[in-house]
Structures are given as C-alpha cells and as structure tokens.
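# the sequence and its predicted three-dimensional model are supplied below.
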Amino acid sequence: MPRLAACSVVFVLVVLVGYLYVTERDPVLRCGGIIMSAIMRAMEGDDWEMEDLIPKQTARQVPSGGEEDTDDNYQSSDDDDEGVLLRPSRKKKPASLWRQGYSRVLNRASLCFCAVVLASLTLGSVAVIYSYRSQPRPELHWWQRAVIYQIYPRSFQDSNGDGIGDLRGIERRLDYLEYLGVGAVWLSPIFRSPMKDFGYDVSDFTDIDPIFGTMADFDSFLKALHDRDMRLILDFVPNHTSDQHHWFVWSSRSRDDSNPYRDYYVWADGRDGGPPNNWVSVFGGPAWTYVASRDQWYLHQFLPEQPDLNFRCPDVRRHMENVLRFWLEKGVDGFRLDAVKHLVEAADLSQDEPPNTGYVPEPDETLEQYGSLLHPWTTNLEETHAVIREWKSLMDEYSRKGAKRFIVTEVYDDDMKVLMTYNKEADMTFNFNLLGLGSGGHAPGNHTRGLVESWMSNMTDGEWPNWVIGNHDNHRVASRVGPQYARAANMLLLLLPGTPFCYYGDEIGMEDARVSYNDTQDTFALNNPETYETKSRDPERTPMQWNRTENGGFTEAGVKPWLPLHDNYHRVNVQVQKVHPRSILHLFRALVELRKEPTFLYGTIRYFLSTPNIFAFSRALRGRPTYLVAMNLGGKSETHSYYSWWDGWPREAAVVLTSDMDREGETLDLKALTLRPGECVVVKWGRAWN
C-alpha cells in the first residue's frame, strides 16, 4: 500500500508540473516551474543564474484605444521575455496565428490528459481498497485447518493396569485433546499384531489387537472423537505383513499353482546357494530369508518377521483396497501410508544394488547396514506411484459421498523431486525438513530458513505444505535443540503456512528418556547390541507424563510401564504446566488459537531476515493484519532492524505472543528489536478490513 501511494504521489506531481509548464500558469506552483525551467535550460546548454529563473511581475500595457491586448494583437518585447515563466532567455519572434492556435490545442489536450490520469488513479485506488476488503479465500478442508496430533497408543494412557496404553485410555484423555485445540488425531498402528515391530507387523488388517482393546472400544473411541468434532487418521502399513498373517502362512507352504496365495509375497530362487541378490534390510543384514517348503527366498525390506507383499499381484492390490474400504465404511477420516516408497520392487530380482561410495560405517557395526547401498531396484518405482494414485482415487470416491477423506504418505528421501512427486499424488507427503532442526551448527538461523525455503520453493500451485518436528522414529525436538529452543520450534511448527503435525508430549517439552539395554524394546536396537543407543527408537516413545504421581499418571502405581518414564516427569507434566501461565503447554494452546487467524490460515509467507542466528518471516493477507515472526536460535542476544517503510511496516508494533509469554501487550521498536537466546516474538500491525 505505501508503494502504491508513493508511486501515485510522484506520478501526480510530475504530471501536474508538466501541465503547469505547458499551460504557463503563474503563479501557481511557481517553484515547480522554476525547477522545470532549470532542467530544460541545462538540457539545452544555456548559461543561467538563479535570478534568471525567477519570474518578474511585469504588467501588460493597455493600448491607447482602451482595449486590452488579446492573444492576437499582443506583441512580445525583450523585457516581456524576461518575465515569462519557464522560457529560455533568448529572443523570440512574434508568435504566428498558427502557433497560437497550436498552443491552445496543446493546453487543452494536456488538461484532458491530466484529468484522465487523475481519474485512473482514483479508480485504481478504489479498486485496490475494494480488493483489500473482499479478497476471496479458498475453501479449506478439515485437514488443512486442523492441528494433527500423533498418538503412539502404547504410550498415551493405560486403562487396565497392564503397563501398556490402549484405546479406552485414549478416550479417557479426549478432554485433554479438546483442551489443546487439536482438530485431528493420528494413531500409530492398532491392528492385530505379534508386536515384533510394535504394530507395524500386521497379522490382521481388519481387527484390533487385544493389547489395545476390542472393535467395540474402537467404535466407542471414534464416536467420542467425532462428537467433539475431531477427525481420526489411522496408520496403514501396506508394504508388508506379519509372517503370522494367514496370507503368508499359506503362501509359504508351496509354490504350486493350486496355492491361491503363492504370489502374494515376493519370492525368488537363490543364487549360488545364497540369496537372490545383495539387497539389505532397512534394519540391517540381508533382506532375504530362506523357506525350505518352497525352496525359495522371500523378501523383507524390514524385519524377517515382516515379509514384503507383492503389489504386482492383482489379488494383493484388491485385498489391500478392501482393507481401506473396511475402515472407511466405519467412518475413519484418513490414513497415513507407511513406508510407501518400498511398495514395489524391480521385476528382475537378480539385479544387485550398487554400493554407496559415500557411506561411512560406525566403528562397532557387525551387520551390513542399509545405508551401505543405493536402492534403485527397491524404492520409488513407477509402479509404486500407480498404486498410490489408485488409493487416492478411492479416497476421492468416498469424499464425494460426504466429508473429505485424506491420505498422507511417509517417504524419507533426500531427493526433493522424489518427495514432490509423492506430494502431488496424495493429499500430501510428510515434510521432514524440520527434523533437521538442531543440526545447523554455528548458523542455525540461516539453516532454519534453508529447511523452510527448500520445501516451500519446490511446491507447485495448488499444493499444501505441512510440517513435522517430531515423531515416533526420531529423537524428540526438545532433545535435538534443547529445552530452551523447543518453544521456538513449536512456534515455527504452528505459524508456518500449512498443516502442523504434533507428536504427543512435544506440547509439554518432553525429552528423550534414557533406556538401558535391559529395558530396550525396539527390535532394531536389539539386533544391533553394540550400537543399540544410536539405533533405538525407544527414547522418543516413552509414556506420556500426565502428573507427579508414580508412573506419571500413565498407569497405576506399582505397575511397570512397558518403557521407563523420563526422570524429569515430576516437573515436566501436564498437571504442573496447566497451572503455570507461562508454561510451554499454555504457549502451545495460544499458538493453536493464533493459527486460526485468517492471516495464518490463508496468508503468504515472506522471508524477511536470516542471519547466522536469526530467522524472521512475515505472514500477510490482504485486508487482514500482518504478522512478523522473529526468532533467535543462537546463543546470545542480538539486535536487528525489522522496520521497512517501503513494505508498509511500522516503526513500532504490538506484541501478540512470545516464546516465554512475558512481553505480551508491549509495543516494540522494530528498528532496534533485541531478541534473547531462544526467544521468538510475534508482533502484528494493521487491522481487519472485513
């Protein structure tokens, strides 16, 4: 708006001065005439002094006939020339009738031109103001408006005293989720499973594991969730099943044509008495296991107890689509598709995968690790994308029947083009960039901007961003960046454009717990005992810390939880933080509320400032207040200017929210704003026009 105003004023002044010069108006804006005269004389190379430019007050003489001179009979004199505005000081010949007529036409044309310009500027200003008041906004789906809260069911709330969380326990805590203001819940797997990988090894896709309850418990939980206007996203694990799934039990019996399940999994003949190729499991070691009854090897890209399904088999695709239909018919609102880049492998199973020349092994490694190879034959094949598109079509089919159904794909990949391909096929693919928070070395500000910008700049029109700072497979954000900076990380998560995914416990600043080898549950860690601490995912999966009582309110006193709680649960818990008005829990709730502002839901982002320690961005929406979010991710206080007249930013602005919740209501000088280490400040200016 200031840019438009400045350009308009300059343009009007130039047009007005030009008009005055052409029409020789005197004495209106004589100063403008002097400036124009100086410019013209300089351009023509005349010698002049300031007194030559100042018009003299000379009166026209009335002839003896008593008639005032007209344009037709007035004769210029040498003295008259010195008094005429804006003319070079040189002798003039009497103007001809043709020249006088031409001058009158030019004067009138100039007047008309100025009138048109002024009318255009007026109409343009009205149009701009109107657009500010009535900018149309796209209709957002529930998953675009919602804060999505991930629950690891084993660790949220135990209701029956067995030390493991369950569905009834989660339902008991729905009031807390409503208190947080989240709009959707994503549950990690709850299907029937031997629990070799804690639910990611499914033995029945259409039943609830008894550890978590019954199907009746699920129905009750889903209804209670919907009654609170919250949505449910289930974790769908399509790449593999448990080796106890009846499909695999039948498939492993024989390779005879009479076996209806013989092609449900990826089977191959061995090579030189060993596996078919050199493929390595994600969890380390060979990706093939031999079965004597078939005299063949089956593929498992994860644990041996997790055989890969064969998505080149039409029956498998049909069955897995029916699994989705089963839960959609129950009213589930969406799915997270686990490990989808592994869905389909190369048809030629004799091909070895090439070595990764950049891989550096850990000193105590005993198993061959997944990172030691590149994976062109087992990941991101075109057939995988075809399967995802089929499932997206299924979601669209159900969306047309009622509420929007949603899918998000889980893909870990360093190639942004690969990620954007998945992002186009589903409603979104997880953006794990912010899992890199804390790895920026001595330039966390510039590093954080790079993490944000690399995702935003690669999206195409119509795509919707999302952000993740923690999940069940990665260290907690408070452990990666430190408790002092976890508040700023949550502000980043909730105030960037798009959908935030919050991992349970991050809203109270939970940290990774210390889990000994004897208490370790994660099979990935148990398979690598020498390096179990770097492999284990148990530290970020420990029970939710509800209060100060024994076991933190997660389970009954005297019961051993499935994983130990963090030692700090006496002070880092929901009960303590609810009564502390400046706790990270209250900050999280304030951020959820602030995110409902139209500027944050619909507005654009601009990267205003990034330095080695500072990252600042603005969120703007025409007709709504503008917000500046500035954070200091360094180790010392820093002062910078965030003032920009050209962008319409004021010298001072009101504080809306700060990470420490101690400066709200203050008016800050944006030309010299000081941020403490770890501090994030949100200020706003402007008003709503509609």
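The structure has been received and is ready for your questions.
# tell me the mean pLDDT over stretch 260-275?
The average pLDDT for stretch 260-275 rounds to 97.
# ok, residues contacting it?
With contacts defined as CB atoms under 8 Å, 6 or more residues apart in numbering, stretch 260-275 is touched by 247-248, 250-252, 254-256, 276-277, 286-288, 290, 294-299, 307-310, 313, 315-316, 345, 349-350. To be clear about C-beta, it is placed using only N, CA and C from the backbone, and glycine gets the same treatment.
# are any of those buried, and which?
247-248, 251-252, 255, 276-277, 286-288, 294, 296-299, 307-310, 313, 316, 345, 349 (16 or more other CB atoms under 10 Å).
# in helices only, show me those residues.
Trp247, Phe248, Ser251, Val316 (DSSP state H).
# the last one contacts Leu309, doesn't it?
To tie it back to what came earlier, the one meant is Val316. Yes: using CB atoms under 8 Å, Val316 is in contact with Leu309, at 5.3 Å.
# touching, Val629 and Lys684? I think so.
No: using CB under 8 Å, Val629 is not in contact with Lys684, being 10.1 Å away.
# looking at the two, which one has more neighbours?
Val629 (23 against 20; other CB atoms under 10 Å).
# the more buried one: which element?
strand 626-632 (DSSP states H and E).
# which elements pack onto that strand?
Applying 3 or more CB pairs under 8 Å, 6 or more residues apart in numbering; DSSP states H and E, we find strand 626-632 packed against helix 444-456, helix 483-495, helix 598-602, strand 604-610, strand 614-620, strand 673-675, strand 680-685.
# next SSE downstream of it?
strand 638-640.
# ok, residues contacting that next one?
Leu609, Thr611, Asn613, Ile614, Ala616, Asn632, Ala672, Leu673, Thr674, Leu675.
# pairing partners for that strand, with directions?
strand 673-675 (antiparallel) (DSSP bridges).
# now the strand it pairs with: buried residues?
Result for strand 673-675 [16+ other CB under 10 Å]: buried residues Leu673, Leu675.
# reformat the helices and strands packed on strand 626-632 as CSV; add distance to Ser220.
Listed next are these as CSV, based on distance: least, CB to CB, whole Å:
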stretch, distance to Ser220
helix 444-456, 38
helix 483-495, 30
helix 598-602, 32
strand 604-610, 41
strand 614-620, 40
strand 673-675, 48
strand 680-685, 39
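# relative to Val340, which of these is closest?
helix 444-456 (18.5 Å; CB to CB).
# who's in contact with the closest one?
If you take CB under 8 Å, 6+ apart as the criterion, helix 444-456 is touched by 416, 431, 433-434, 436-441, 465, 492, 496-497, 605, 607, 610-615, 617, 631-634.
# narrow those to those that are buried.
By 16+ other CB under 10 Å, the contacts of helix 444-456 give 431, 433-434, 437-438, 440, 465, 492, 496-497, 605, 610-611, 613-615, 617, 631-634 as buried.
# before we move on, back to that, output the helices and strands packed on strand 626-632 in TSV, with mean pLDDT and distance to Thr542 appended to each entry.
What follows is the helices and strands packed on strand 626-632, written out as TSV (pLDDT from 0 to 100; distance: least, CB to CB, whole Å):
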stretch	mean pLDDT	distance to Thr542
helix 444-456	97	26
helix 483-495	97	16
helix 598-602	97	32
strand 604-610	95	35
strand 614-620	97	30
strand 673-675	96	32
strand 680-685	96	27
